[in-house]
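**Q** The sequence and its predicted three-dimensional model are supplied below.
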Amino acid sequence: MSDSLSAEPATPVAAESAEPGMPPTLVVGLGISGRAIARFLAGRGERFMVADTRAAPPGLEAFRAAYPEIELHLGSLESLDLEAFAEIVVSPGIDLERTGLGAVRDRVIGEISLFARHCEAPIVAITGSNAKSTVTTLVGEMARQAGRRVAVGGNLGDAALDLLIDHADAELFVLELSSFQLETLTGLGAACAAFLNLSADHLDRHGDMQGYRRAKARIFEGAAHAVANADDAATWPGQEALSCERFTTHSPGDDEWGISSVAGGTGEWLCHGRQPLMPVDELRLAGRHNHANALAAMAIAHVVGIDGDVVRGVLCRFAGLPHRGEIVAERGGVRWINDSKGTNVGATLAAIAGVGETLTGKLVWLGGGVGKGADFTPLAEPLARYAREAIVFGQDAPQLVAALEPQVATWRVDTLADAVRRAASIAEPGDCVLLSPACASLDQFPNYLARGEAFRALLDQGQLGQGQEAAC
């Protein structure tokens, strides 16, 4: 094995072939997906070489120990003779244009294309700008409770190819798929392909919203059935012949999944057309956006033949993924929700609207951190409608104040702990305190997980001071 550490060696490097006329495969990227690709190809006895544009990618020594016979190239791909490879399999984090792979795009595939080529069991594929982890987890749990041998992963948890190796007997694969995974995909052939929603994200990679949507919409290629958001036309499949279930947070049409009041009853129900299925207040998921997630999961479960009683049972028990709209406390009539995973404006808009629509009181919103250059002004209108106060903290708190203060009562503090104390002092019965920061966490925390755990700890440990005592 040789390492090409120079960004530009004097001569192009090509993998040597032990069998003339049989070019090897090039695997690009040593992240989670790249390692799964290498593991899969090695297990099949296929010849391949691995490249990573970084000089010292994480996990390098472990990879060398596991695959001492595999040639490894580190540095710019410009020094590789790309024509020497029959196929180039890329990790989702690889930008084809920036790495020079755009010129050989006809021979580039991603991990999910390799997965689809070899997977014989039905696939449920789920994408969207937000909520795909929640819906993927819900559908996986519904299948599991129905007695199916199910494997769940993709962009969530285990890489798809690791699932294919470790769960070879699976009857169903449920995959969360990102736009990065989908942009190199053709012909997934999912039994059910779901596109939940679309809001601005990853435009530095996809160029514009049209490019972002095109990447997401690849999920429908070769699908037997589709699930789409009736309230978001950008999620609809372009193939008119493709059978499509639609969900809405409004009263549903005859073949839609939605929310409506039942004649002679009280409260709202999740419905399929005119058929009431379960009361909304039996859901443990909080907020209108999570009601939409429940409906999407119901529609997918219906497509793949999961019994309705099983579906309702899971929805009654499922309280949400950690840090994604998770109810962490209810005290003195005030609900506290941890949505630390809300690291961009689009995700936070969904959380604000989803929770705000369901409240008898007001929203107390906690936001701030590293804004990544985002435009915060879209937050002002829904916060003006639903919020008692916006409490902002962290590195980009000044930008949030500037965007919100003209329309929203805004209070600036330094830390998340300060924000929680302020929220406890002003929240009233019927209110909800929502941590959905619209920012990355790296100014004060290692990641969004640590931020969410800190929020939970402040509540669990009762260290909120006099303000909390008043609120509780």
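**A** Received, thanks.

**Q** Three-state assignment for residue 193, please.
**A** strand (DSSP: H, G, I helix; E, B strand; the rest coil).

**Q** what number of residues lie near it?
**A** 31 (other C-beta atoms under 10 Å). In this view, the C-beta of every residue, glycine as well, is placed from N, C-alpha and C.

**Q** Now it: closest residue in space, sequence neighbours ignored.
**A** Nearest residue to residue 193 in three dimensions, chain neighbours excluded: residue 223, at 4.0 Å (C-beta to C-beta, 6 or more residues apart in numbering).

**Q** show me what contacts the one you found?
**A** Taking C-beta atoms under 8 Å, 6 or more residues apart in numbering, we find residue 223 in contact with 125, 188-193, 237, 242.

**Q** Mind doing that once more with 7 Å?
**A** With contacts taken as C-beta atoms under 7 Å, 6 or more residues apart in numbering, residue 223 has the following neighbours: 189-190, 193, 242.

**Q** Throw those residues into a markdown table and include pLDDT and secondary structure, thanks.
**A** Shown next, in a markdown table, are these (pLDDT from 0 to 100; DSSP: H, G, I helix; E, B strand; the rest coil):
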| residue | pLDDT | secondary structure |
| --- | --- | --- |
| 189 | 96 | coil |
| 190 | 98 | coil |
| 193 | 98 | strand |
| 242 | 93 | coil |
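
**Q** now, which of the residues you listed sits nearest residue 414?
**A** residue 193 (45.3 Å; C-beta to C-beta).

**Q** sorry, back to before: and what about the residue nearest to residue 193, helix, strand or coil?
**A** Residue 223 - assigned by three-state DSSP - is coil.

**Q** ok, and what's touching the lengthiest helix in the chain?
**A** The longest helix of the chain (DSSP state H) is helix 288-303. Applying C-beta under 7 Å, 6+ apart, the set of residues contacting helix 288-303 from outside is 124, 131, 134-135, 138-139, 142, 192, 194, 196, 225, 227, 245, 247, 249, 257-259, 270, 280, 283, 285, 311, 315, 320, 325, 350-351, 353-354, 357-358.

**Q** how about 6 Å then?
**A** Residues outside helix 288-303 that contact it (C-beta atoms under 6 Å, 6 or more residues apart in numbering): 131, 134-135, 138-139, 142, 192, 194, 196, 225, 227, 245, 247, 249, 257, 283, 311, 315, 325, 350, 354, 357.

**Q** ditto for stretch 268-283
**A** With contacts defined as C-beta under 6 Å, 6+ apart, stretch 268-283 is touched by 252, 254, 257-262, 267, 294, 312, 315-316.

**Q** From one end of that stretch to the other, what's the distance?
**A** Using C-alpha to C-alpha, to the nearest Å, one end of stretch 268-283 lies 11 Å from the other.

**Q** Please apply the same query to stretch 176-190.
**A** Length of stretch 176-190, first residue to last, C-alpha to C-alpha: 12 Å.

**Q** chain center to it: distance?
**A** With C-alpha atoms, centre = their mean, to the nearest Å as the basis, stretch 176-190 stands 14 Å off its chain's centre.

**Q** Flag every buried residue along that stretch.
**A** Within stretch 176-190, the residues scored as buried using 16 or more other C-beta atoms under 10 Å are 176-185, 188-190.

**Q** swap in stretch 193-200?
**A** Applying 16+ other C-beta under 10 Å to stretch 193-200 flags 193-199 as buried.

**Q** Distance to residue 171 added to those residues, as JSON lines?
**A** Putting the buried residues of stretch 193-200 into JSON lines (distance: C-beta to C-beta, whole Å) gives the following:
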{"residue": "193", "distance to residue 171": "18"}
{"residue": "194", "distance to residue 171": "19"}
{"residue": "195", "distance to residue 171": "24"}
{"residue": "196", "distance to residue 171": "24"}
{"residue": "197", "distance to residue 171": "28"}
{"residue": "198", "distance to residue 171": "31"}
{"residue": "199", "distance to residue 171": "34"}
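
**Q** Quickly list what residue 195 is bridged to.
**A** Beta bridges link residue 195 to residue 127, residue 228 when assigned by DSSP bridges.

**Q** For it, give me its contacts.
**A** Neighbours of residue 195 in contact, by C-beta under 6 Å, 6+ apart: 127, 228, 235.

**Q** Kindly export the host helix or strand of residue 425 (C-alpha atoms) in PDB.
**A** Per DSSP states H and E: residue 425 is located in helix 416-426. The C-alpha trace of helix 416-426 is given here as PDB (Å, rounded to 0.1, in the frame of the first residue of the first chain):
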ATOM      1  CA  LEU A 416     -28.400  29.400  27.700                       C
ATOM      2  CA  ALA A 417     -28.600  29.200  31.500                       C
ATOM      3  CA  ASP A 418     -29.400  32.900  31.700                       C
ATOM      4  CA  ALA A 419     -32.100  32.400  29.000                       C
ATOM      5  CA  VAL A 420     -33.700  29.500  30.900                       C
ATOM      6  CA  ARG A 421     -33.800  31.600  34.100                       C
ATOM      7  CA  ARG A 422     -35.400  34.500  32.300                       C
ATOM      8  CA  ALA A 423     -38.000  32.200  30.600                       C
ATOM      9  CA  ALA A 424     -38.900  30.700  34.000                       C
ATOM     10  CA  SER A 425     -39.500  34.100  35.400                       C
ATOM     11  CA  ILE A 426     -42.000  35.300  32.700                       C
END
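
**Q** picking that back up, please indicate which of the contacts of stretch 268-283 are buried?
**A** With burial judged by 16+ other C-beta under 10 Å, the buried subset of the contacts of stretch 268-283 is 252, 257-260, 294, 312, 315.
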